[in-house]
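S.K.: Show me the folded form of this:
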Amino acid sequence: MTFEKNILCIGAGYVGGPTMAVLARKCPLYRVTVVDIDPVRIAAWNSDELPIYEPDLKEIVRATRGKNLFFSNDIPGGIRDNDIIFVSVNTPTKTFGVGAGMAADLQYWEKTARQILQHSRSSKIVIEKSTLPVKTAQAMENILQCTNSSISFDVLSNPEFLAEGTAVKDLENPDRILIGSRETESGLKARETIEDIYANWVPREKIIKSNIWSSELSKIVSNAFLAQRISSVNAISALCEKTDADIIEVAKAVGMDSRIGPKFLNASVGFGGSCFRKDILNLVYLCRHYGLSEVADYWEGVVKINQYQQERFLLNMMTAMFNTLTDKKICLYGFSFKANTGDTRQSPAIFIAGRLLEEKAEVIITDPRALSNARSDLAGMEGRISFVEDPYAAAHGCHAIAVLTEWDIYRRLDFRKIFDGMIKPASIFDGRNILDHRQCFEIGFNVYPIGKPPLTHF
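M.R.: Below you'll find the predicted structure:
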């Protein structure tokens, strides 16, 4: 079959894999190839057990794989054979040198740029799909244009705005598509080419076109604003607990203001995931780099409140359980950073589990999708840890349950049955406010929600 376009994505992770799968499904006349340096990951994409879990993703991959969607480790061949290249490689926070702990580590991005330069035999459109600091495109352009070759490269910014757990839905019906380019004749032409790809299923009025620097910055700012809302409501949840107010009632009243809206106003144990903390710290680093100390301090406060909320949750557990967790059996309901994904990166559960182990508690972890990642995240930690798939078996013989992920399955559990198998007094610490607290209290639990007065039998 002759395809109208040949598209490559370098990077088969949480962004590259789902994005290209949906693109292939929506554009059957395009050949879409996803390459990655990790042979295990590519083998998983070519199997019945995908390397990541997203609702409906497996069905889309099965419908397109081998037809117009292909997964490979042949990065040089992919670069040679495709003229449109999305780059979706990892950009973690630096752990060394200048900017350690805040700046983005761009080593993988630079290596990819040099690979594209080395293996290209024709002109390319190169699209930033990873979340990158503003002005990163300039660095890629400098690398790609450092030879006198007749081959030309147009670098665009097309950040993703999908949310894990709803990635397929977000990709099929996005709020917006953002494409940034240089305001040159070739840059505008390249931008139009990418716009035409998305226009196969996205209304053109949802496709935003901007200069490349605005596009790069918009992604980081979008994540910062979302995280800011979470930290804001979590900060107020602490005040609610001191004043006997109810954070759910407060958030509802505030969210009904049309200028504010109700989204991202659910108090919790804190945000996680690969983006929020990383992107905010990157924003803080950029602001300090440009001498904007007050702006940097403001955004750094969002991260500090998130850390405070997690530590506060642990301290509330300790206070409620007679100021000692030694030899207490604590069951963690959920380990992924949010429901409907197996991703545990920066999950609050990692911090909570680690602190419980420091306090000499025994930790039992259950999660519908994230147990394998939980084992990896906690490998090497000292203490008693076990991993149990069945939430009833996991809670049996425990002193307390801590709900750390908002999986629907936990809302539907028989808490009378769970209570009967626990050590008394039995406690529930609902870090997501998803349970029926009054019902659990009437069963016999001591219930400690976020941002609400506790319900105890003491």
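S.K.: quick one: the strands in this protein?
M.R.: 5-10, 30-35, 69-72, 84-87, 124-128, 153-157, 177-181, 207-211, 329-333, 362-366, 385-387, 400-403, 427-430, 446-448 (DSSP state E).
S.K.: all helices for the stretch 251-400 of the chain, in order.
M.R.: 276-289, 293-320, 348-358, 371-378, 391-395 (DSSP state H, counting those that start in this stretch).
S.K.: got TSV for the ones you listed, with mean neighbour count too?
M.R.: (Each C-beta comes from the backbone N, C-alpha and C, glycine too.) Putting the helices of the stretch 251-400 of the chain into TSV (neighbours: other C-beta atoms under 10 Å) gives the following:
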stretch	mean neighbour count
helix 276-289	22
helix 293-320	17
helix 348-358	21
helix 371-378	17
helix 391-395	19
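S.K.: so can I have CSV of those showing mean pLDDT and distance to Met102?
M.R.: Listed next are these as CSV, based on pLDDT from 0 to 100; distance: least, C-beta to C-beta, whole Å:
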stretch, mean pLDDT, distance to Met102
helix 276-289, 95, 4
helix 293-320, 98, 9
helix 348-358, 98, 19
helix 371-378, 97, 22
helix 391-395, 98, 37
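S.K.: nearest to Gly66, of those helices?
M.R.: Ranking these by proximity to Gly66 (C-beta to C-beta) places helix 371-378 first, at 26.6 Å.
S.K.: any idea of the angle the closest one forms with helix 348-358?
M.R.: On the basis of axes from the mean of the first three to the mean of the last three C-alpha atoms, to 10 degrees, helix 371-378 is oriented at 50 degrees to helix 348-358.
S.K.: So what touches helix 371-378?
M.R.: 335-336, 342-344, 347, 349-350, 353-354, 365, 367, 385, 387, 389 (C-beta atoms under 8 Å, 6 or more residues apart in numbering).
S.K.: any chance of the helices of the stretch 251-400 of the chain in a markdown table, with distance to Ile177 too?
M.R.: Output for the helices of the stretch 251-400 of the chain, formatted as a markdown table (distance: least, C-beta to C-beta, whole Å):
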| stretch | distance to Ile177 |
| --- | --- |
| helix 276-289 | 19 |
| helix 293-320 | 26 |
| helix 348-358 | 31 |
| helix 371-378 | 30 |
| helix 391-395 | 39 |
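S.K.: so which of these comes closest to Thr91?
M.R.: helix 276-289 (7.9 Å).
S.K.: Mind giving me the packing neighbours of the closest one?
M.R.: Judged by 3 or more C-beta pairs under 8 Å, 6 or more residues apart in numbering; DSSP states H and E, the packing partners of helix 276-289 are helix 212-243, helix 293-320.
S.K.: show me the contacts for the nearest residue to Asn82 once chain neighbours are set aside.
M.R.: Of all residues not flanking Asn82 in the chain, Leu8 sits nearest, at 3.7 Å (C-beta to C-beta, 6 or more residues apart in numbering). Listed by C-beta under 8 Å, 6+ apart, the contact partners of Leu8 are Val32, Thr33, Val34, Val35, Gly78, Ile79, Asp81, Asn82, Ile84, Ile85, Phe86.
S.K.: Could I have the buried ones of those residues as PyMOL selection syntax?
M.R.: Buried residues among the contacts of Leu8 (16 or more other C-beta atoms under 10 Å), as a PyMOL selection:
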select buried, resi 32+33+34+35+78+79+82+84+85+86
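S.K.: got CSV for the contacts of Leu8, with pLDDT and distance to Ser123 too?
M.R.: Shown next, in CSV, are the contacts of Leu8 (pLDDT from 0 to 100; distance: C-beta to C-beta, whole Å):
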residue, pLDDT, distance to Ser123
Val32, 98, 20
Thr33, 98, 18
Val34, 98, 22
Val35, 98, 19
Gly78, 98, 16
Ile79, 98, 12
Asp81, 96, 14
Asn82, 97, 12
Ile84, 98, 11
Ile85, 98, 11
Phe86, 98, 16
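S.K.: mind putting the helices and strands packed on helix 276-289 in JSON lines, distance to Phe3 included?
M.R.: Output for the helices and strands packed on helix 276-289, formatted as JSON lines (distance: least, C-beta to C-beta, whole Å):
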{"stretch": "helix 212-243", "distance to Phe3": "27"}
{"stretch": "helix 293-320", "distance to Phe3": "44"}
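S.K.: for those helices, which one sits closest to Asp430?
M.R.: The nearest among those, by C-beta to C-beta, is helix 293-320 at 10.2 Å.
S.K.: Tell me what angle that closest one forms with helix 348-358.
M.R.: 50 degrees.
S.K.: Helix 293-320 vs helix 212-243, what angle?
M.R.: 40 degrees.
S.K.: is Ser181 in a bridge, and if so with what?
M.R.: Asn211 (DSSP bridges).
S.K.: Which pLDDT value goes with it?
M.R.: Note for Ser181: predicted pLDDT of 97.
S.K.: ok, now Glu141?
M.R.: For Glu141, pLDDT reads 89.
S.K.: Quick check: it vs Gly272, distance?
M.R.: 34 Å (C-beta to C-beta, to the nearest Å).
S.K.: more neighbours, these two?
M.R.: Gly272 (25 against 17; other C-beta atoms under 10 Å).
S.K.: Pull the number of nearby residues for the closest residue in space to the more buried one that isn't next to it in sequence.
M.R.: Closest residue in space to Gly272, ignoring its immediate chain neighbours: Phe337 at 3.1 Å, by C-beta to C-beta, 6+ apart. Using other C-beta under 10 Å, Phe337 has 26 neighbouring residues.
S.K.: One more: Pro39?
M.R.: 10.
S.K.: need the contact list for the nearest residue to it once chain neighbours are set aside.
M.R.: Of all residues beyond its chain neighbours, the one nearest Pro39 is Asn73 (5.3 Å), with distances taken as C-beta to C-beta, 6+ apart. Residues near Asn73 by C-beta under 8 Å, 6+ apart: Val35, Asp36, Ile37, Asp38, Pro39, Ile42.
S.K.: Measure how the helix or strand of the chain with the lowest mean pLDDT sits relative to strand 177-181, angle-wise.
M.R.: Ranked by mean pLDDT, DSSP states H and E, the weakest helix or strand in the chain is helix 136-144, scoring a mean of 87. Counting by the same axes, to 10 degrees, helix 136-144 lies at 50 degrees to strand 177-181.
S.K.: And the contacts of helix 136-144?
M.R.: 106, 109-110, 113-114, 116-117, 126, 128, 153, 155-157, 212-213, 216.
S.K.: would you put the C-alpha positions of it in PDB?
M.R.: The C-alpha trace of helix 136-144 is given here as PDB (Å, rounded to 0.1, in the frame of the first residue of the first chain):
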ATOM      1  CA  THR A 136      14.800  24.600  23.400                       C
ATOM      2  CA  ALA A 137      13.800  24.700  19.700                       C
ATOM      3  CA  GLN A 138      16.700  27.200  19.200                       C
ATOM      4  CA  ALA A 139      19.100  24.600  20.500                       C
ATOM      5  CA  MET A 140      17.700  21.900  18.200                       C
ATOM      6  CA  GLU A 141      17.900  24.300  15.200                       C
ATOM      7  CA  ASN A 142      21.500  25.100  16.000                       C
ATOM      8  CA  ILE A 143      22.300  21.400  16.000                       C
ATOM      9  CA  LEU A 144      20.400  20.500  12.800                       C
END
